[in-house]
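Visitor: Can you look at this prediction? I've put the sequence above it.
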Amino acid sequence: MSLKEVKQRELDILLYVKKICDDNGLNYFLHGGTLIGALRHQGFIPWDDDIDICMPREDYERFLNINKNMFNQYASLSIENDENYYYAFSKVTDMQTIIKDSNEKTHYGVFIDVFPIDNVPQNYFKKNIYFLRAYVYKRILMHLNEKKVKKDGNVLKIVLRQFVKLFNHKKIIKNFNEHIIKVPRGLQVSTITTGSQWDISYQREWFDGKVTVTFEGHEFPAPVGYDSLLHKYFGEYMVVPPKEKQVTHGYTYVALNQESRE
């Protein structure tokens, strides 16, 4: 599939999610590079090949429950409906596509990422423990998801990767979720289930309202504090980065009807 075809399928998934959210009063926001794309390009970042959205945890759980009963080509993947799923957040995937030559145990095709927005401890010490545990959980899941262990010449890393294989991903995700949802409401929130940054925290007030942005000719909600949020994690986000930083995720997708013809 060409990049243009992949982006169209991703947009179709996003519009499908939008309809479910609008029909059921669910809150969601464009997130990360997708939000930057809407603000800077009114659509996809030209070299980007994915879509990210986020939802308050309550709306996220409701969305998963609604979509699991829809029975169409768009599936919301999570550990609750797929025991071979290795992420702590959901992907909504087009079941009529697959990723070719993937090194992941998780099976999916063209997708968009859906991240829950969760509470963050207010106490400085508890907050650091919170992010440390989350970082460890995410690293373990990343390595458990590998079909083949990477061999980079670093003996310690190889040993650690082999040690990680002793863990059960379902228990890790269960513990991760329990670690998150027990945190009481405070002044900050996080999309803690994804990302490699140490402190993935946002002011709650940034999500207390919505503004409308345009993405590929359609209107979508962005958090009212989008400018503060994006400046914190991306700096001058309206400035196009240099060529060497304009990279895609590198997935190769195949439409199942196309694969059957080859």
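Guide: Received, thanks.

Visitor: so where's this structure shaky on pLDDT?
Guide: Residue ranges of the chain with pLDDT under 70: 150-158, 196-198, 258-262.

Visitor: Does the strand ranked longest in it pack against any helices or strands, and if so which?
Guide: The strand that spans the most residues within the chain, counting by DSSP state E, is strand 111-119. The contact analysis (3 or more Cβ pairs under 8 Å, 6 or more residues apart in numbering; DSSP states H and E) places strand 111-119 against helix 3-24, strand 52-56, helix 57-67, strand 90-94, helix 169-181, strand 188-190. The way it works is simple: take the backbone N, C-alpha and C, and place the C-beta from them, glycine included.

Visitor: Format the ones you listed as CSV; extra columns: mean neighbour count.
Guide: Output for the helices and strands packed on strand 111-119, formatted as CSV (neighbours: other Cβ atoms under 10 Å):
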stretch, mean neighbour count
helix 3-24, 17
strand 52-56, 23
helix 57-67, 18
strand 90-94, 24
helix 169-181, 16
strand 188-190, 22
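
Visitor: Which secondary structure element is home to residue 75?
Guide: strand 74-77 (DSSP states H and E).

Visitor: now for that strand, which elements pack on it?
Guide: Strand 74-77 packs on helix 57-67, strand 90-94, going by 3+ Cβ pairs under 8 Å, 6+ apart.

Visitor: The next helix or strand after the last one pairs with which strands, parallel or anti?
Guide: What it means is strand 90-94. Going down the chain from strand 90-94, the next helix or strand is strand 97-99, by DSSP H and E. Paired neighbours of strand 97-99 in the sheet (DSSP bridges): strand 253-255 (antiparallel).

Visitor: which residues are in contact with the partner strand?
Guide: The contact list for strand 253-255, computed with Cβ atoms under 8 Å, 6 or more residues apart in numbering, reads 1, 5-6, 9, 96-100, 109-110.

Visitor: Repeat that for stretch 126-144.
Guide: 86-88, 105, 120-121, 149, 161, 164-165, 167, 169, 172-173, 175-176, 179-180, 183, 192-194, 196, 198-201.

Visitor: Restricted to helices, list those.
Guide: Mapping the contacts of stretch 126-144 onto helices (DSSP state H) picks out 161, 164, 169, 172-173, 175-176, 179-180.

Visitor: closest one to residue 229 among the helices and strands packed on strand 74-77?
Guide: Closest to residue 229 of the helices and strands packed on strand 74-77 is helix 57-67 (Cβ to Cβ; 17.6 Å).

Visitor: who does the closest one touch, helix- and strand-wise?
Guide: helix 3-24, strand 74-77, strand 90-94, strand 111-119.

Visitor: which strands and helices sit next to the very next helix or strand once past the first one?
Guide: If I follow you right, that is helix 3-24. Using DSSP H and E, the helix or strand that follows helix 3-24 in sequence is strand 29-30. Judged by 3+ Cβ pairs under 8 Å, 6+ apart, strand 29-30 is in contact with strand 52-56, strand 210-215, strand 218-223.

Visitor: Name the residues that touch the helix or strand just after strand 29-30?
Guide: Per DSSP H and E, the first helix or strand lying C-terminal to strand 29-30 is helix 32-41. Helix 32-41 has contacts (Cβ under 8 Å, 6+ apart) with 29-30, 43-45, 48, 50-53, 213-215, 220, 222, 226, 230, 234, 237-238, 240.
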